[in-house]
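K.L.:
when you get a sec, could you give me coordinates for this:
(one chain, ligands or ions: 1)
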Amino acid sequence: MPRSKKEKINKQSLHALRGMRDILPDEWEYWDYFIKKAETLAKNYGYRFLETPVLEDTSLFVRGTGVDTDIVEKEMYSFMTKGGDNVSLRPEGTPGIVRAYIENGMNVWPHPVKVYYSGPMFRYERPQAGRYRQFHHFGFEAIGEESPILDVQIIQLTWKILESIGLKGLSIQINSIGCAVCRKAYRKLLVDYYEAERNKLCQDCRRRLVRNPLRLLDCKEEKCMRLAALAPQTIDHLCQECHDHFKSVLEYLDELELPYTLNPRLVRGLDYYTRTVFEIWSQGEENFRGSLAGGGRYDDLVEILGGSSTPAIGSAIGIERVIEELKVQEIRPSVSPQPKVFLIQLGELARKKSLKLFSELIEAGIQAAESFSKHSIKSQLKLADKLGAKIALILGQKEALDETIIIRDMKSGMQEIVNFKKVIKELKKRIK
Ligand code: HAM
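P.N.:
Presented below is the predicted three-dimensional model:
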């Protein structure tokens, strides 16, 4: 490459990829706040952390998420490795968790196996508010239990997490999409209904009608929504078992006084769901700002991915959306604690001694801050003041030679010289 062209390229500013973003320290306060609450509740409900790789064999998602879903059809980040393997960045967590369940012989663990996870997901979607190409899930999966009580417990846990961070105005949208048995007959009914209205459908829905007719129910195009409102509803065509299961789910929800809305158009965009599906929305349907969380039962997925038939259910919270909602509702996370002590150093010898003293302060459990890059006492005192430190420790050249240090009360300005070796003991007396 000619030198001038190379230089030009090197000077171009670099940006994060479209739909991907940095999480800066101020924003991390929100993440930290959410994740800590979510983890505590997940653990209290008996879920244990399970980490799976971000990169998996593409076929896992083709078989798991489903070949006819938007995610697999057009949103995956897939590529060939140097070794010739076709791999994809995970677009969601559930197939990886189920693969791990099968691969690690968790079928012999006490059931249900309850795990939670948290990490980045990747979907090549059109970025817009609340929709990113790299986003993060906090999810749970409970594998090996068919009882409707677990459906409700998962919904309750998801709800509680969102409630515990202070969010208001949430609603649970719920539906049952039946099982492989009842869905066959329902699917036919649905296709017959839509075939008669084919020319009123959007381009995407005409295509979906052949491969994935259930998805027509949640198309966001105005004309398709009008047709969906009059379409046959899944809950009117459930087999007896699915009907009884859903009835129990609703009864348990009533028992817990969780506010839910029956939403016949909720089908979810992933192929593996059976029976209960749900989402948690930030507002009612009129002011819909996007789902904060979604999940459902997937009783066939373990078998689809090569395990023995095992019922399961799960849910995932979209962390970015939750944080945006916290901001909309003006809920501020409690900020990180202010340092109690600020260590000021002046001169080379003092700086050297300060480095060791600072780590001793931290080891002693004292919240401390420093600014080793600053040299003047004025600028360091200013920073101590800005951070709200109660005490400043001042170590100058003289003190460093005398084996002493100054303790300054930031509020009164009173100063006291103490023995360097006794400083931690002296501090502990002052900051209880
Ligand atoms: P999902 O509905 O695709 O479900 O994603 C769950 C949540 O992730 C959504 O409710 C939304 O808050 C967030 N989300 C989805 N796409 C994006 C995006 N592009 N940008 C930002 N946030 C997004 C699942 O993925 C299932 N695995 C959930 C599950 C677990 N079902 C059973 N177990």
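K.L.:
interface residues of the stretch 51-200 of the chain facing the ligand?
P.N.:
Residues of the stretch 51-200 of the chain lying near the ligand by Cβ under 6 Å from any ligand atom: 92-94, 123, 125, 130-132, 135, 137, 139, 141. (Each C-beta comes from the backbone N, C-alpha and C, glycine too.)
K.L.:
show the buried residues in those residues.
P.N.:
92-94, 123, 125, 130, 132, 135, 137, 139, 141 (16 or more other Cβ atoms under 10 Å).
K.L.:
what residues does stretch 88-95 touch?
P.N.:
The contact list for stretch 88-95 (Cβ atoms under 8 Å, 6 or more residues apart in numbering) reads 52-58, 60-61, 63-65, 71-72, 75-79, 96, 117, 119, 121-123, 137, 139, 141, 270, 272, 298, 301, 305, 314, 316.
K.L.:
among those residues, which are in helices?
P.N.:
58, 60-61, 96, 301 (DSSP state H).
K.L.:
which of the residues you listed tops the neighbour count?
P.N.:
L301 (29 neighbours; other Cβ atoms under 10 Å).
K.L.:
the residue nearest to that one when sequence neighbours are not counted: how many residues sit nearby?
P.N.:
Using Cβ to Cβ, 6 or more residues apart in numbering and skipping residues adjacent in sequence, the residue nearest L301 is Y272, 4.4 Å away. Counted with other Cβ under 10 Å, the neighbours of Y272 add up to 23.
K.L.:
also A231?
P.N.:
18.
K.L.:
out of everything not next to it in sequence, what's closest to it?
P.N.:
In space, A231 is closest to Y193, 5.5 Å off (Cβ to Cβ, 6+ apart).
K.L.:
the host helix or strand of the one you found packs against which elements?
P.N.:
Taking DSSP states H and E as the definition, one finds Y193 inside helix 180-195. In terms of contacts (3 or more Cβ pairs under 8 Å, 6 or more residues apart in numbering; DSSP states H and E), helix 180-195 is packed against helix 203-211.
K.L.:
inside strands: which ones of the residues of the stretch 51-200 of the chain next to the ligand?
P.N.:
135, 137, 139, 141 (DSSP state E).
K.L.:
returning to what we had before: pLDDT added to the buried ones among the residues of the stretch 51-200 of the chain next to the ligand, as a markdown table?
P.N.:
Converted to a markdown table, these look like this (pLDDT from 0 to 100):
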| residue | pLDDT |
| --- | --- |
| E92 | 98 |
| G93 | 98 |
| T94 | 98 |
| R123 | 98 |
| E125 | 94 |
| G130 | 90 |
| Y132 | 97 |
| F135 | 98 |
| H137 | 98 |
| G139 | 98 |
| E141 | 98 |
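K.L.:
can you pull out the low-pLDDT segments for the chain?
P.N.:
1-11, 284-289, 336 (pLDDT under 70).
K.L.:
centroid residue for it?
P.N.:
Residue closest to the average C-alpha location in the chain (Cα atoms, centre = their mean): H137, at 2.9 Å.
K.L.:
which residues of the stretch 201-350 of the chain lie near the ligand?
P.N.:
Counting by Cβ under 6 Å from any ligand atom, the stretch 201-350 of the chain sits next to the ligand at 270, 291-296, 298, 314-316, 318, 320-321.
K.L.:
what do you get if the cut-off is 8 Å, keeping everything else the same?
P.N.:
Counting by Cβ under 8 Å from any ligand atom, the residues of the stretch 201-350 of the chain close to the ligand are 268-270, 272-273, 279-280, 290-298, 313-322.
K.L.:
those residues in strands, which ones?
P.N.:
Filtering these for strands - DSSP E - leaves 279-280, 291-297, 313-318.
K.L.:
which of these sits closest to L395?
P.N.:
Nearest to L395, judged by Cβ to Cβ, of these is I317 at 47.2 Å.
K.L.:
I'd say the closest one and I165 touch.
P.N.:
No - checked against Cβ atoms under 8 Å, the pair I317 and I165 is beyond contact range at 10.3 Å.
K.L.:
so for those two, which residue has more residues nearby?
P.N.:
Shown here are I317 and I165; by other Cβ under 10 Å, I317 has more neighbours (23 against 20).
K.L.:
who are the contact partners of the more buried one?
P.N.:
38, 137-139, 158, 161-162, 292-293.
K.L.:
cool, A392 as well?
P.N.:
Contacts for A392 (Cβ under 8 Å, 6+ apart) come out as 341-344, 380-381, 384, 407-408, 410.
K.L.:
how near is it to I377?
P.N.:
Between A392 and I377 the computed distance is 9 Å (Cβ to Cβ, to the nearest Å).
K.L.:
what is in contact with these two at once?
P.N.:
I344.
K.L.:
max-length helix in the protein?
P.N.:
helix 25-44.
K.L.:
mind listing what's buried in that helix?
P.N.:
Neighbour counts over helix 25-44 (16+ other Cβ under 10 Å) mark 29-31, 33-34, 37-39, 41-42 as buried.
K.L.:
for stretch 344-360, same thing?
P.N.:
For stretch 344-360, using 16+ other Cβ under 10 Å, the buried residues are 344-347, 350, 353-354, 357-358.
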